[in-house]
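Participant: For reference, the sequence and a predicted model appear below.
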Amino acid sequence: MEYRLKRDPIPFIMEKASEATKLSLLRTAGLLETRLAKDLILAVLKEQNPDGGFPNQFDQKASGLKATYTTAALLIRCGMPAQCFALQGALSFVLEQQRPDGGFAEAQGVLIPEWMTWESKEKSVTYYTARIIELLHLAGMDDTEAFKQALEWLRGMQNPDGTYPVYEGSETDPDTTVGVAFLMRELYGEDDGVYRKGKEGFEEYLTELAEDAERGYHLHQGEQEENDIYFLTHLLHESAIQAGYDLHDPRLQKVAAICETQREDGGWQVFWTEGGDPSYSAYALELLVWLGVLSKEELRSKLLPFCG
């Protein structure tokens with residue numbers, strides 16, 4: 001089945017999204033040389049707090065670890081050198097959050113809502129640690145003790161069946177399992193043991209996801225729930241999509257059913273918000289480009305009128 005967007009989501013995203021989200025979308029469209037992209041980079045840098053961190057989503061005055069490693073990685077991917085003052089400050093803030101076991105947890109000054117059970121300030125979080133390892137790799141810091149300790153802790157957290165918990169003692173988490181697996185593939189290649197075990201889980205998860213996408217709902221604790229954008233995209237990291245998979249794989253193409261869940265405002269909804277969420281709406285477009293459903297040229301043409 002061929003999927004197409006119901007309506008143009010770009011006006012919604014460009015009006016509602018953060019500067020970092022818009023910058024990421026321009027990167028996907030190959031528009032980093034535009035004036036808008038350069039202005040967005042400056043706007044993102046202005047948000048940096050004096051401690052080197054970037055504001056978390058609930059309190060602009062408090063630097064969040066997740067916000068900082070996400071923003072720093074984006075800036076490096078957009079061409080900023082890791083040695084520049086701003087990124088050195090961000091990296092220092094990130095490394096200050098490393099725990100004695102080698103993993104990373106959210107910064108103590110951040111408020112974590114009770115419903116965000118997948119985040120922690122008290123225990124090292126596997127997917128935080130994976131993304132920070134990726135950041136340090138991007139920054140050329142593979143030889144540092146911080147990188148080596150984080151990597152040792154993360155690899156040691158894999159369950160015998162290849163899955164990963166969010167943190168020690170928690171249930172198995174498919175998102176983390178997939179994210180860590182493809183990170184290890186990027187670092188060590190396809191013969192890496194952690195990757196090979198994790199990839200088996202990804203194949204199973206992808207089959208289940210495709211079935212749920214095709215029927216339009218999934219089961220949660222025995223109840224039918226609508227497939228929101230988070231459910232349809234949470235497994236599909238850029239590295240997983242670009243890992244050599246046949247983009248015509250029927251399972252991947254069924255995930256393009258995200259087009260069918262687009263809202264009247266042009267965006268896509270996540271289960272914890274009402275109406276479209278600009279961040280996940282931008283990610284939905286990026287995923288459609290990676291899947292080949294939306295061409296990079298088409299995305300560029302939609303964004304160019306906003307680039308001045």
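Facilitator: Thanks, I have it.
Participant: what comes up buried for stretch 137-148?
Facilitator: For stretch 137-148, burial by neighbour count (16 or more other C-beta atoms under 10 Å) applies to 137, 139, 141, 146-147. (Each C-beta comes from the backbone N, C-alpha and C, glycine too.)
Participant: Let me fix that, I meant to ask about stretch 157-171.
Facilitator: So for stretch 157-171, counting by 16+ other C-beta under 10 Å, buried means 157-158, 162-167, 170.
Participant: Need the residues that contact stretch 186-193.
Facilitator: Stretch 186-193 has contacts (C-beta atoms under 8 Å, 6 or more residues apart in numbering) with 133-134, 137, 184-185, 195-196, 239.
Participant: coming back round to it: which among the buried residues of stretch 137-148 gets closest to residue 78?
Facilitator: Nearest to residue 78, judged by C-beta to C-beta, of the buried residues of stretch 137-148 is residue 139 at 13.6 Å.
Participant: what would the contacts of stretch 186-193 look like in JSON lines with distance to residue 214, secondary structure and pLDDT?
Facilitator: Conversion of these to JSON lines gives the following (distance: C-beta to C-beta, whole Å; DSSP: H, G, I helix; E, B strand; the rest coil; pLDDT from 0 to 100):
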{"residue": "133", "distance to residue 214": "35", "secondary structure": "helix", "pLDDT": "98"}
{"residue": "134", "distance to residue 214": "32", "secondary structure": "helix", "pLDDT": "96"}
{"residue": "137", "distance to residue 214": "36", "secondary structure": "helix", "pLDDT": "97"}
{"residue": "184", "distance to residue 214": "30", "secondary structure": "helix", "pLDDT": "95"}
{"residue": "185", "distance to residue 214": "27", "secondary structure": "helix", "pLDDT": "93"}
{"residue": "195", "distance to residue 214": "28", "secondary structure": "helix", "pLDDT": "93"}
{"residue": "196", "distance to residue 214": "28", "secondary structure": "helix", "pLDDT": "93"}
{"residue": "239", "distance to residue 214": "25", "secondary structure": "helix", "pLDDT": "72"}
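Participant: what's the distance between residue 166 and residue 157?
Facilitator: 10 Å (C-beta to C-beta, to the nearest Å).
Participant: So for the two, which residues contact both of them?
Facilitator: Jointly contacting residue 166 and residue 157 under the rule C-beta under 8 Å, 6+ apart are residue 126.
Participant: Of the contacts of stretch 186-193, which is the nearest to residue 257?
Facilitator: residue 239 (22.1 Å).
Participant: on that earlier part again, most neighbours out of the contacts of stretch 186-193, which is it?
Facilitator: Among the contacts of stretch 186-193, residue 133 has the most neighbours (other C-beta atoms under 10 Å), with 27 neighbours.
Participant: Isn't it up against residue 147?
Facilitator: Yes - judged on C-beta atoms under 8 Å, residue 133 makes contact with residue 147 at a distance of 6.5 Å.
Participant: sorry, back to before: what's the most distant pair in the buried residues of stretch 137-148?
Facilitator: Longest span within the buried residues of stretch 137-148, C-beta to C-beta: 137 and 146, 11.8 Å.
Participant: Return the distance of residue 285 relative to residue 212.
Facilitator: 21 Å.
Participant: Residue 194 too?
Facilitator: When C-beta to C-beta is applied, the distance between residue 194 and residue 212 equals 27 Å.
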